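**Q** The following comprises the amino acid sequence and a computationally predicted model.
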Amino acid sequence: MSSNRLYDRISRDPALGELRDGQTRLFLMRADAFMDAFKRLDDDTRYTMFAAFAESVAEHSGQSVKHYRHELGPAAREIFLNAAVNLAADMGWGGWRFGPHTPGEMTLDVANSPFAEGHGKSDIPVCAPILGLTEALGGIIFSVDPVVEEVECAAVTGGDTCRFVARMP
């Protein structure tokens, strides 16, 4: 892998109005406009959409995660997770910090989540995309699909950090 920084790999085609990371199409969007769509749904539909969104991110980002892990080769777990921290920052997904870890468990703290900020105050965790990406990363770390939970969400607590825990099933 030439670089674990997204902006070093991204290609732009202004004539087509396109951003790509290899074959993967990307786009930029305001966090508040994106998350406001969820706020406009009734509670049951919002919960269902967050779950579907997390599953979709886990599936599709999981393909990218496997590709990046393959490019890194037999790199240590910490090098792989550092690449994920850099990628998340480059995507504008907040400041990520992994650890501490115990066997069969991975913890991720995210400061400044764009999903929590874009949504605003909520009664339920709103960072479904990060939950899905944590599932994809945990699947590589544990070699099985983990159970992932957002145990703390800034949109719920009013704080500035969200916490995710991935556990082996």
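**A** Received, thanks.
**Q** Which stretches in the protein count as helices?
**A** Secondary structure of the chain (DSSP state H): helices at 6-9, 31-39, 43-72, 77-91, 114-119, 128-142, 154-157.
**Q** can I get the ones you listed in JSON lines with mean pLDDT and mean neighbour count?
**A** Quick note: C-beta positions are derived from backbone N, CA and C, even for glycine. Converted to JSON lines, the helices of the chain look like this (pLDDT from 0 to 100; neighbours: other CB atoms under 10 Å):
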{"stretch": "helix 6-9", "mean pLDDT": "82", "mean neighbour count": "14"}
{"stretch": "helix 31-39", "mean pLDDT": "95", "mean neighbour count": "15"}
{"stretch": "helix 43-72", "mean pLDDT": "86", "mean neighbour count": "15"}
{"stretch": "helix 77-91", "mean pLDDT": "86", "mean neighbour count": "17"}
{"stretch": "helix 114-119", "mean pLDDT": "97", "mean neighbour count": "23"}
{"stretch": "helix 128-142", "mean pLDDT": "92", "mean neighbour count": "23"}
{"stretch": "helix 154-157", "mean pLDDT": "98", "mean neighbour count": "20"}
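**Q** Can I get the ones you listed in CSV including distance to Gly17?
**A** Formatted as CSV, the helices of the chain follow (distance: least, CB to CB, whole Å):
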stretch, distance to Gly17
helix 6-9, 18
helix 31-39, 18
helix 43-72, 21
helix 77-91, 19
helix 114-119, 22
helix 128-142, 23
helix 154-157, 31
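**Q** Which of those sits closest to Pro169?
**A** When the helices of the chain are compared by CB to CB, helix 128-142 sits nearest Pro169, at 8.9 Å.
**Q** Next, the angle from that closest one to helix 43-72.
**A** 40 degrees (axes from the mean of the first three to the mean of the last three CA atoms, to 10 degrees).
**Q** and the angle from helix 128-142 to helix 31-39?
**A** Per the same axes, to 10 degrees, the angle that helix 128-142 makes with helix 31-39 is 100 degrees.
**Q** List the contacts of the most centrally placed residue in the chain.
**A** The residue lying closest to the centre of the chain (CA atoms, centre = their mean) is Ile130, at 3.0 Å. When contacts are counted by CB atoms under 8 Å, 6 or more residues apart in numbering, Ile130 touches 88, 93-94, 108, 110, 113, 115, 150, 162, 164.
**Q** Among these, which has the minimum pLDDT value?
**A** Confidence by pLDDT is poorest for Ala88 among these, given 91.
**Q** Kindly state the beta-bridge partners for the residue lying closest to Glu149 once chain neighbours are set aside.
**A** Distances taken as CB to CB, 6 or more residues apart in numbering place Val165 nearest to Glu149, at 5.5 Å, with adjacent residues excluded. On the basis of DSSP bridges, Val165 is bridged to Thr107, Glu149.
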